[in-house]
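[1] When you get a sec, could you give me coordinates for this:
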Amino acid sequence: MGAVVPLAMGSHKGSEEHHVVSDTGTEQSVGHAIAGAPFQVYLSEGVGPDKEGTPVQAKGDAALRTVVKAFNYMMEHRTEYIRFDEALTKDALQKVIIEPKVVNRDGKEFLLLVARTAQPNRVNLLISASALEEKGYLNDPDQLVPVLAREFQWVVSKSDTTPKRQAKVLPSDFKRAPIKTNHEIAKMSGEEREHLLQELFRTYLTTIDRYRSLEGQSYYETGSTTRISPAQPDSTTKLYDIRVREALQKIVREPYFQEQTPKAVRSLLNGKVWNVAFADIPDRDWATRTRVVPKEQSIIVGEQDNTIQPAMVLINIHRSASPDDPFFAETNGLPMGALPAEILARVIAREIQDNITEKSMRGHVAQDELSAPQ
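    The predicted structure follows:
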């Protein structure tokens with residue numbers, strides 16, 4: 001087995017420093033291929049061959065075999081792992097590197113860590129050989145597969161280096177907001193609507209943890225009531241942000257929503273909805289709410305000088321639907337944060353469809369604010 005010499009051996013201090021190349025920009029080993037995959041698996045110095053027959057070599061061999069077998073299985077069943085399949089389609093993963101240890105800037109060790117590279121839209125996946133052994137994954141690729149599959153939500157997220165949305169649109173920019181009329185939206189294809197949504201994400205449309213209530217909290221695994229501790233204090237917020245945005249993309253793109261909840265599709269693209277927020281508000285017994293500013297606070301936006309009352313959709317992310325919610329049956333008792341993207345999209349779309357014009361910022365919103373996390 002060959003060895004690859006990383007820029008920072010085994011003690012990584014931050015994703016910006018995870019460029020696994022030598023100081024001269026040349027690599028010093030041949031990767032281990034995964035059948036059909038665009039990436040290869042490398043062993044870092046300190047994990048690869050020492051003297052023949054030593055414990056270091058045995059651990060390196062076992063780590064490599066385990067990781068390669070796990071990825072070979074995932075390639076054979078790639079359609080079962082949505083994020084993995086998406087990463088392959090986007091060619092987001094440059095390489096997989098097995099290190100002696102993987103440590104973040106705070107000195108915390110991780111089994112897996114996604115690291116940005118010098119190439120736009122591409123990342124490396126770092127794997128800790130010592131953590132593989134400590135957690136019982138060494139020589140057990142079947143147990144490693146679901147753990148690897150979950151990590152690809154971060155591969156997809158960190159590889160996305162497209163320009164981020166502005167913090168807000170200043171009043172002077174309202175007329176230039178790229179919103180469309182309902183008539184224009186109706187004529188657009190699903191792909192065109194999704195492209196427009198991405199433009200709005202870069203201007204005024206936000207998806208945020210409204211009360212910063214999720215910092216350090218565990219998050220729900222999709223389709224399960226199991227909660228997982230975050231790798232970083234903001235990991236849960238970032239993960240739910242990914243899920244909410246994926247749900248919004250489904251709403252504007254897929255024909256189902258155009259047919260069943262057309263008002264939701266229109267409202268996301270015509271300037272009515274400015275924020276789809278998520279938060280953990282345990283003192284409130286609702287799963288979703290819509291807030292629309294009072295009429296006297298209306299603003300004029302877009303080239304057509306449309307008068308709108310900006311709305312916010314709020315998702316109580318760790319709350320399950322109530323029996324009287326119109327989407328109760330579809331959620332199967334799962335909290336909002338555990339819903340698959342397709343179901344979360346239906347929940348959000350139904351909330352907008354039913355409530356976008358009926359709610360206002362008066363009344364119960366004051367109580368919600370009082371009970372929100374500080």
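[2] Wasn't residue 153 part of a strand?
    No - assessed with DSSP: H, G, I helix; E, B strand; the rest coil, residue 153 is helix; it does not lie in a strand.
[3] so what's it scoring on pLDDT?
    For residue 153, the pLDDT comes out at 81.
[4] give the contact list for it.
    By C-beta atoms under 8 Å, 6 or more residues apart in numbering, the contact set of residue 153 is 83, 239, 242. Bear in mind the C-beta positions are built from the backbone N, C-alpha and C, glycine included.
[5] From the chain's centre, how far out is the strand or helix carrying residue 199? Work that out for me.
    Residue 199 is part of helix 190-201 when elements are defined by DSSP states H and E. Distance of helix 190-201 from its chain centroid, counting by C-alpha atoms, centre = their mean, to the nearest Å, is 18 Å.
[6] what's downstream of it, the next helix or strand?
    For helix 190-201, the following helix or strand on the C-terminal side (DSSP H and E) is strand 219-220.
[7] Parallel or antiparallel, list what pairs with the helix or strand following that following strand.
    Counting by DSSP H and E, the next helix or strand C-terminal to strand 219-220 is strand 227-228. Strand pairing for strand 227-228, determined by DSSP bridges: strand 219-220 (antiparallel).
[8] Could you list the residues in contact with the strand it pairs with?
    By C-beta under 8 Å, 6+ apart, strand 219-220 touches 226-228, 230, 235-236, 239-240, 318, 334-335, 337-338.
[9] Now a ChimeraX select for only the buried ones of the residues you listed.
    The ChimeraX selection below is limited to those of the contacts of strand 219-220 classed as buried (16 or more other C-beta atoms under 10 Å):
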select :227,230,235,236,239,240,318,334,335,337,338
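[10] Give the other helices and strands that the helix holding residue 199 contacts.
    If contacts are counted by 3 or more C-beta pairs under 8 Å, 6 or more residues apart in numbering; DSSP states H and E, helix 190-201 sits against helix 235-253, helix 262-269.
[11] returning to that earlier point: can I get the contacts of strand 219-220 in TSV with distance to residue 344 and pLDDT?
    Shown next, in TSV, are the contacts of strand 219-220 (distance: C-beta to C-beta, whole Å; pLDDT from 0 to 100):
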residue	distance to residue 344	pLDDT
226	17	92
227	17	93
228	18	91
230	19	86
235	19	88
236	15	91
239	13	91
240	10	94
318	13	96
334	10	96
335	11	96
337	9	96
338	9	96
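[12] wait, which of the contacts of strand 219-220 is closest to residue 260?
    Residue 260 lies nearest to residue 334 out of the contacts of strand 219-220, by C-beta to C-beta, at 20.7 Å.
[13] got the helices and strands packed on helix 190-201 as TSV, with distance to residue 188 columns?
    Output for those, formatted as TSV (distance: least, C-beta to C-beta, whole Å):
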stretch	distance to residue 188
helix 235-253	9
helix 262-269	8
